[in-house]
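Trainee: no sequence on this one, just coordinates:
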């Protein structure tokens, strides 16, 4: 049934994605019951994690990419496309559950992370061994389950075989890239990698490709788009994805805790190797050894608010903030040019422009 | 080209599986290079792990299942089937890499486990932070990569779309079951679960379904087998898989260290909740409180060889060993009956009988 107010049905998308995910979990109930024991409770914890999840950014980009490539939200393949888009949330759930172990994060989306939740279950139950070890083990297995179910959901979505054949290499590249980005991120952090190039590489593969470029690319291949549109989408997605991450880096240091919900200067304390930090360090090495010393000795330490304030001033003085803003502008401009000159539908272009502005001009 | 000596080409199978895996890794080189940084080295470590891997049990069962269902090793789909069979080794690699973190194992296949290898890389490189944390993080990501590549390999094997459609639910069930079996295993261990039923459940899903039943089932659907043959394969695979695990449990306590390569009584020291142990405990609770006390206080502790010897005697006296042997016999007999009366080809039956005997009568 067509809804006059939103012919592309994008404002209902998060609810529809959630519905598809609920339906997928329901479809697994039989095999879970067959295995029995405590598996049902463990899977329920994963389901709650997936269902309380966020803004459904990746399904939204994939769906919008499909619309912009001529997909018909009232057409016969819309339901299969929706399910395929929703499967991206299971990839993301697996990535987050494992990332939270890697980062030793204790909360996610306002709730305990999965490894913390299962550690608490162990403690509450008075079980043997270390609660932390059980929590991490359970979270490794549930993250694995989310990853393999992402594939199952994609491959049972009901896409036509010729669509599946086009999707396979893109789906493969996306997951291979994001795991690479995550590996480079942890390796760069322990190696104290100071290069702008390494930080950009992590942004490219951990964020831009995985969050925007490849979801759009998937949307395009769902619709059977031509190579020109795919290229335009990819250029747009890479530019906006990188700009999004650079905005995130600025907010991680300069964001208002009241708005972002994170402590002020969080990224500095966490020791994140951002492009902002790498640019500042390069500038300081060239002109201001004292500032370079300050940056190197401060990162990843438990800074006071006054120290955070001082580093912020240094980042501004070194011109790093301005350079990051310039990069955001240049990436956004290039992305918009790619989109504007593409063969995407006008409605699709409009939606993508709005998403891009929301992603790159936000304050939280 | 037909080889007179081995028309079904099963003795060359491990080499052919290894060749397919090499080829798959080579096919990922471009995307890995694109991501760049240290990703290539990390993936090389995973590749070495996969290539030095074992007996290729799961691909062999899948291939044999396909042959027994009429698959033609000289036919046009043999190459695609081989690649699909080989993809099971990537599922297994992911499972092992993650299992080794969960079990805190330090060696696998005669080499350091992946998390130990990356911990050593961290230490050798003088990087920041805890080597163990980096090692585990890298191993989580590489295990994930193996799991997602298993799907990619299956879906790029070149199976016909109607075959893929039949394969999808079986592939899904297999991975969902093994993750459930692993979860029940760790949950049963920390909860000190003493029931025979729980131990059998873990055997069923962690071992029997994943190692034999589902690989045979996959082989059957590669060949388009009818439901009768699929049912027979599944009954055969479940029986032989459970018998295999029960044999493993006996060897874990009674095996000759010179032959098994594991310390004598290894499973007792590790605190494994085996069917053997659960049967002994049930018998002791009914008739011999002192033996029950000994079993409960010994498991999972650092036993001397003399203590292991004493527990062995108790397991025999309680009749638990005889009952496990009886179960192995009954399961094997039922499995053979299912196979014998099935519509599998005579050559397929012969190969499966030989594999079954090797799995259930082995001494190491």
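Mentor: That came through, no problem. Note that the structure is predicted; figures quoted are calculated from it, not measured. Numbering: from 1, shown residues only, chains lettered A, B, ... in the order given.

Trainee: quick check, residue A:128 in a strand?
Mentor: No: per DSSP: H, G, I helix; E, B strand; the rest coil, residue A:128 lies outside any strand segment and is coil.

Trainee: Excluding sequence neighbours, find me the nearest residue to it.
Mentor: residue B:190 (5.1 Å; Cβ to Cβ, 6 or more residues apart in numbering or on different chains). C-beta: built from backbone N, CA, C; applies to glycine.

Trainee: and that neighbour, what does it touch?
Mentor: By Cβ atoms under 8 Å, 6 or more residues apart in numbering or on different chains, the contact set of residue B:190 is A:122, A:127, A:128, A:129, A:134.

Trainee: Narrow the residues you listed to those that are buried.
Mentor: Buried subset of those (neighbour count, 16 or more other Cβ atoms under 10 Å in any protein chain shown): A:122, A:127, A:134.

Trainee: contacting residues around residue A:57?
Mentor: residue A:211.

Trainee: Per-residue pLDDT of it, please?
Mentor: Per-residue confidence (pLDDT) for residue A:57: 93.

Trainee: Could you do the one 3 residues further on as well?
Mentor: At residue A:60, the model reports a pLDDT of 95.

Trainee: what about residue A:308, distance to residue A:28?
Mentor: Remark: distance between residue A:308 and residue A:28 (Cβ to Cβ, to the nearest Å) = 46 Å.

Trainee: Quick check, residue A:161 in contact with residue B:163.
Mentor: No: contact criterion Cβ atoms under 8 Å: residue A:161 and residue B:163 do not qualify, at 10.7 Å.

Trainee: Would you mind naming what in the stretch 201-350 of chain A lies close to chain B?
Mentor: A:201, A:205, A:300 (Cβ under 8 Å from any Cβ of the partner chain).

Trainee: 10 Å instead, please
Mentor: A:201, A:202, A:204, A:205, A:206, A:209, A:271, A:300 (Cβ under 10 Å from any Cβ of the partner chain).

Trainee: show me what contacts the nearest residue to the fifth one once chain neighbours are set aside?
Mentor: Which is residue A:206. Computed as Cβ to Cβ, 6+ apart, the closest residue to residue A:206 that is not its neighbour in sequence is residue A:181, at 3.0 Å. Counting by Cβ atoms under 10 Å, 6 or more residues apart in numbering or on different chains, residue A:181 makes contact with A:201-210, B:35, B:37, B:39, B:141.

Trainee: Quickly note the distance from residue A:311 to chain B.
Mentor: Distance of residue A:311 to chain B, given as Cβ to the nearest Cβ, to the nearest Å: 19 Å.

Trainee: where's that residue, which helix or strand?
Mentor: Element membership for residue A:311, per DSSP states H and E: helix A:305-317.

Trainee: buried ones in the very next helix or strand once past that helix?
Mentor: Helices and strands here follow DSSP H and E; after helix A:305-317, the next one along the chain is helix A:320-340. Buried positions in helix A:320-340, judged by neighbour count with 16+ other Cβ under 10 Å: A:320-321, A:323-324, A:327-328, A:331-332, A:334-336, A:338-339.

Trainee: now for helix A:320-340, which elements pack on it?
Mentor: helix A:196-202, helix A:227-254, helix A:275-287, helix A:305-317, helix A:346-360 (3 or more Cβ pairs under 10 Å, 6 or more residues apart in numbering or on different chains; DSSP states H and E).

Trainee: Centroid-nearest residue for chain A?
Mentor: The residue lying closest to the centre of chain A (Cα atoms, centre = their mean) is residue A:211, at 4.8 Å.

Trainee: and the residue lying closest to that one once chain neighbours are set aside, what is it in contact with?
Mentor: Leaving aside its sequence neighbours, residue A:211 sits nearest to residue A:241 (Cβ to Cβ, 6+ apart; 5.6 Å). Contacts for residue A:241 (Cβ under 10 Å, 6+ apart) come out as A:61, A:203-216, A:331, A:335, A:356, A:359-360.

Trainee: again, 6 Å this time
Mentor: A:207, A:208, A:211, A:212, A:213 (Cβ atoms under 6 Å, 6 or more residues apart in numbering or on different chains).

Trainee: quick one: secondary structure of the fourth one?
Mentor: To tie it back to what came earlier, the one meant is residue A:212. Relying on three-state DSSP, one would call residue A:212 helix.

Trainee: quick one: it and residue A:61 touch, right?
Mentor: Yes: using Cβ atoms under 6 Å, residue A:212 is in contact with residue A:61, at 5.4 Å.

Trainee: Averaging pLDDT per element, find the lowest-scoring helix or strand in chain A.
Mentor: helix A:257-260 (a mean of 80; mean pLDDT, DSSP states H and E).

Trainee: Residues touching that one, excluding its own?
Mentor: Here helix A:257-260 has contacts from A:251, A:263, A:264, A:363, A:364, using Cβ under 6 Å, 6+ apart.

Trainee: Please apply the same query to stretch A:25-32.
Mentor: With Cβ under 6 Å, 6+ apart as the criterion, stretch A:25-32 contacts A:39, A:40, A:43, A:47, B:173, B:176.

Trainee: before we move on, the earlier item: can you list the buried ones among the contacts of residue B:190 in TSV and add pLDDT?
Mentor: Shown next, in TSV, are those (pLDDT from 0 to 100):
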residue	pLDDT
A:122	98
A:127	96
A:134	98
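
Trainee: separation between the residue lying closest to residue A:230 once chain neighbours are set aside and residue A:36?
Mentor: Once flanking residues are discounted, residue A:230 sits nearest to residue A:220: 4.9 Å by Cβ to Cβ, 6+ apart. Distance from residue A:220 to residue A:36, counting by Cβ to Cβ: 43 Å.

Trainee: still on that earlier bit, tabulate the contacts of helix A:257-260 (CSV), appending neighbour count and secondary structure.
Mentor: Output for the contacts of helix A:257-260, formatted as CSV (neighbours: other Cβ atoms under 10 Å in any protein chain shown; DSSP: H, G, I helix; E, B strand; the rest coil):
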residue, neighbour count, secondary structure
A:251, 18, helix
A:263, 13, coil
A:264, 19, coil
A:363, 11, coil
A:364, 10, coil
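
Trainee: Now the two most distant members of the residues you listed.
Mentor: Pairwise distances across the contacts of helix A:257-260 peak at 16.2 Å for A:263 and A:363 (criterion: Cβ to Cβ).

Trainee: and residue A:176, what does it touch?
Mentor: Contacts of residue A:176 (Cβ under 6 Å, 6+ apart): residue B:31.

Trainee: can you tell me the helix or strand for it?
Mentor: If you go by DSSP H and E, residue A:176 is part of helix A:161-190.

Trainee: residue contacts, residue A:337?
Mentor: Shown in contact with residue A:337 (Cβ under 6 Å, 6+ apart): no residues.

Trainee: Alright, I will stop here.
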